[in-house]
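> Sequence and predicted model, in that order:
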Amino acid sequence: MAPRAYWKGYLRLSLVTCPIALYPASTSAEKTHFHQINKNNGHRLRQKLVDEVTGREVEKENRARGYELTKGKYVEIEEDELDAVKLESTHTIEIDEFVPAGDIDLRYYDKPYYLIPNGKTGADAFVVIRDAMKRKDKVALGRVVLASREHVIALRPLDKGLLGTTLRYPYELRDEGDYFDAIPSPRVSKDMIDLASHILDTKAAKFNPKTFKDKYENALKALVKRKASGKTIEAPERNEAEGNVIDLMEALKGSLSRKSKKAGGKKAARKGRRKAA
């Protein structure tokens, strides 16, 4: 059963318009989630909203939104006042411009969505827009209103559809200078960089997300399964952390040597299998 569309509307490029549906491209449904429970009886616990001064629960009709002006001082914002600043939900993604994909700083990418034509009537216009983007190898930038907020969205062809990724605004990003300015700039020899570059070459590969393994998630599932079957859970012994590297050049040479031995071992194993065959 296909999931329900998160958003339905139109995609517009100049005078060309087509109906589309937007679906979240990511999900956390498969991740292991825990709930807080009562240890005495196993009942699930529910949280209540209480007044931080009186400690008493506040009923729903007495709850309101407040913005903290200064420590402990809030200005209350009513629901109808929030409605006054809500953007009109136009249900149209208007393409404003096209930019090279490499021009978009990776830090700006936020949430991915799949865009598909909504019905057969607009499929022709959808394919025209998609294939024109493929030919130019550009990313389209548009605007979309989701949950009463306007987002900039980047659109690019993906298989038979479009991938739309909302972009963060500049004020949502921290200044890298606050973190990177303190990094020292020591002088390192060309030989060290050459060695490190060679190690990079030995680890070169094609991007393949199928090789990604969430070891912690797999361990959690195994732990829950063991506990549910009545088995005891024992924490494994932790390995001692490796000491600090003192000689960087020796560490680079050692890394390269270990990589060469592994490669040699694999090559010998393949040769042995061929001989056996």
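On my side now, so go ahead. Note that this is a predicted model, so its numbers are computed, not measured. Numbering: from 1, shown residues only.
> Name the residues of the helix or strand encompassing Cys18 that are buried.
Per DSSP states H and E: Cys18 is located in strand 16-24. The neighbour-count check on strand 16-24 (16 or more other Cβ atoms under 10 Å) flags 18-23 as buried. Using the backbone N, CA and C atoms, a C-beta is placed for each residue, glycine as well.
> where does the stretch 1-150 of the chain dip in pLDDT?
1-2, 87-89 (pLDDT under 70).
> need the helices for it, in chain order.
In the stretch 1-150 of the chain, the helices defined using DSSP state H, counting those that start in this stretch lie at 79-83, 123-136.
> So for Gly102, which of those sits nearest?
Among the helices of the stretch 1-150 of the chain, helix 123-136 comes nearest to Gly102, with 13.9 Å by Cβ to Cβ.
> Next, the angle from the closest one to strand 16-24.
80 degrees (axes from the mean of the first three to the mean of the last three Cα atoms, to 10 degrees).
> ok, residues contacting helix 123-136?
Under the criterion Cβ atoms under 8 Å, 6 or more residues apart in numbering, residues 11, 13, 16-18, 20, 95, 98, 116-117, 139-140, 155-157, 161-162 lie in contact with helix 123-136.
> which ones among those residues are found in strands?
11, 13, 16-18, 20, 95, 98, 116-117, 139-140, 155-157, 161-162 (DSSP state E).
> Filter those down to the buried ones.
In those, the ones that pass as buried (16+ other Cβ under 10 Å) are 11, 13, 18, 20, 95, 117, 139-140, 155-157, 162.
> hmm, which two among these are most spread apart?
Distance extremes for those: the farthest pair is Pro117 and Val139 at 19.6 Å, using Cβ to Cβ.
> Out of the helices of the stretch 1-150 of the chain, which is the most enclosed?
Most buried of those, by mean neighbour count (mean count of other Cβ atoms under 10 Å): helix 123-136, with a mean of 15.
> starting at the chain centroid, how far to it?
Chain-centre distance of helix 123-136: 27 Å, with Cα atoms, centre = their mean, to the nearest Å.
> Ok, stretch 181-194 next?
On Cα atoms, centre = their mean, the centre of stretch 181-194 falls 31 Å from the chain's centre.
> now do the same end-to-end measure for stretch 94-110.
Length of stretch 94-110, first residue to last, Cα to Cα, to the nearest Å: 19 Å.
> what does it contact?
The contact list for stretch 94-110 (Cβ under 8 Å, 6+ apart) reads 11-13, 129, 133, 136-143, 151, 154-156, 165-168, 173.
> try it again with 6 Å
Outside of stretch 94-110, the residues within contact range by Cβ atoms under 6 Å, 6 or more residues apart in numbering are 12-13, 138-143, 165-168, 173.
> most surrounded residue in those residues?
Among the contacts of stretch 94-110, the one with the most neighbours (other Cβ atoms under 10 Å) is Ala140, at 23 neighbours.
> Show me what that one is bridged to.
Applying DSSP bridges to Ala140 gives these bridge partners: Phe98, Leu155.
> thinking it is in contact with Ile153, fair?
No: taking Cβ atoms under 6 Å as the definition, Ala140 is not a contact partner of Ile153, at 8.6 Å.
> re earlier: going by distance to Thr211, which of the contacts of stretch 94-110 wins?
Using Cβ to Cβ, those come closest to Thr211 at Thr165, 23.0 Å.
> and whichever strand or helix holds the closest one with strand 16-24, angle?
Using DSSP H and E, Thr165 maps to strand 161-167. Calculated by the same axes, to 10 degrees, strand 161-167 forms an angle of 70 degrees with strand 16-24.
> Name the strands paired with strand 161-167 and say parallel or antiparallel.
Sheet pairing here is set by DSSP bridges, and for strand 161-167 it gives strand 109-117 (antiparallel), strand 149-158 (antiparallel).
> Show me the contact partners of the last one.
Right, strand 149-158. Strand 149-158 is contacted by residues 87, 130, 133-134, 139-144, 162-167 when judged by Cβ under 6 Å, 6+ apart.
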